[in-house]
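> Let me see the structure of the following:
(one chain, ligands or ions: 2)
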Amino acid sequence: MKALVYTGIKQLELKDVPEPSSDFIIKVLGCGICGTDLKTYQKGHHLFSPPAILGHEFYGLVEKAPIGCGYLAGDKVVVAPYAECGFCDVCMRGAGSLCANKHYVEGGAFCEKVGIASDYIEQGVFHIKELDDVYTLVEPLACVLNGFEQLDLKPTSRALVVGAGPMGALFALLFRAKGIPVAVVEPSAQRRERIASWGIEAFEPGGADHVESLSAGRVEKGIYDIAIIAVNKKELVSEYIKFVADAGTVLMFSGLSSDEIVAIDAYSIHYRQVSLKGSFGYALHHFKEALSLIEAHKEMFSKIITHNFPLERGKEAFEMLASGEALKIVLRP
Ligand SMILES: [Zn+2]
Ligand SMILES: [Zn+2]
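Ligands and ions are numbered 1, 2, ... in the order given. Here you go, the predicted model:
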């Protein structure tokens, strides 16, 4: 079968690779390019040493299934790329996204077929209603829902999303779907225009004071009690801890490496009771909730997908994503 193989930094090649040998085979119809895939392509990743097939946000058709597994050939499905064990201490504390015994789908989905281990079918494979690229968003939306769960949302909450990449955009749409007033701060004019065209306020950043002066009574310091940092720049965390309202919460959603130190404004944490939270990945209940949200608001979430490319033009798609021109790109084998 054809696969887009990551063969080294800035290298992706379409190659013929052996088909998976599993009893449960999914014919991939679409797979989204995730920030992690892009980072791997640009800088390498300790979890993916080349040669490797990347891609984990996929949906497709069951091609082959063992009898009695609940699926038949031809069924439309989406797959959770990993599932928590459900039994370890961390899982018992309700933080399944941090489980150390996660079960992963073996191999990536930037290829024609993915094999699923028989003991993973019940846990990680889900029926979907139709074949649509929007299902590639279930996993990223699941990660956003995990972030949501960390927030102490009140009926009066107002949210500010920092960064309008695909994850920031998903946060913005989700806040709106939940009836929470939301605005977005984003330096790229193109991305601001896109967000604004959805009827969501989008502002140019320039430091918290600048945002304050832009306010015209709307984006004022202390107005937002929720700030989502959806850009991997530690300076933004320091900045928005000062910016967020008293008793508010700043969520570090974007990943920062272990050697990065974030400067904390002690006054805000102690005297203003601002909380700093983080979130990483998803647990299965987030994946299930994301799937129902996608099915309920298909058209709304489809806005996140701006492009699709055939698998053989994968490298071009990665370059386009790196340029910031696209939001979410789906590769179709
Ligand atoms: Zn992802
Ligand atoms: Zn666990």
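> Could you pull up phi and psi at whichever residue of the stretch 201-333 of the chain sits closest to ligand 2?
In the stretch 201-333 of the chain, the residue found nearest to ligand 2 is residue 283; the distance is 9.3 Å by C-beta to the ion. The way it works is simple: take the backbone N, C-alpha and C, and place the C-beta from them, glycine included. The phi/psi pair for residue 283 (degrees, to the nearest 10) reads phi -110, psi 170.
> Flag the shaky bits of this structure, pLDDT-wise.
Counting by pLDDT under 70, the ranges of the chain that qualify are 206-220.
> near ligand 2, which residues of it?
84, 85, 88, 91, 99, 101 (C-beta under 5 Å from the ion).
> 8 Å instead?
With the criterion set to C-beta under 8 Å from the ion, the chain comes near ligand 2 through 84-92, 96, 99-102.
> for the residue nearest to residue 130 when sequence neighbours are not counted, which residues make a bridge with it?
Of all residues not flanking residue 130 in the chain, residue 76 sits nearest, at 6.6 Å (C-beta to C-beta, 6 or more residues apart in numbering). Following DSSP bridges, residue 76 is listed with bridge partners residue 61.
> ok so, going back, what about the residue lying closest to the residue of the stretch 201-333 of the chain closest to ligand 2 once chain neighbours are set aside, how many neighbours?
In this structure, residue 283 finds its nearest non-sequential neighbour in residue 96, 3.0 Å apart by C-beta to C-beta, 6+ apart. Other residues near residue 96 come to 23 when the count uses other C-beta atoms under 10 Å.
> Residue 96 contacts residue 80, correct?
No - using C-beta atoms under 8 Å, residue 96 is not in contact with residue 80, being 11.2 Å away.
> any common contacting residues for the two?
Taking C-beta atoms under 8 Å, 6 or more residues apart in numbering as the criterion, residue 96 and residue 80 both touch residue 284.
> what sits against residue 222?
243, 244, 245, 246.
> quick one, phi/psi of the residue of the chain found nearest ligand 1?
Nearest residue of the chain to ligand 1, counting by C-beta to the ion: residue 34, 3.2 Å away. Main-chain dihedrals, residue 34, degrees, to the nearest 10: phi -90, psi 160.
> Return the distance of it relative to residue 178.
Distance, residue 34 to residue 178, by C-beta to C-beta, to the nearest Å: 24 Å.
> Understood, closing this out.
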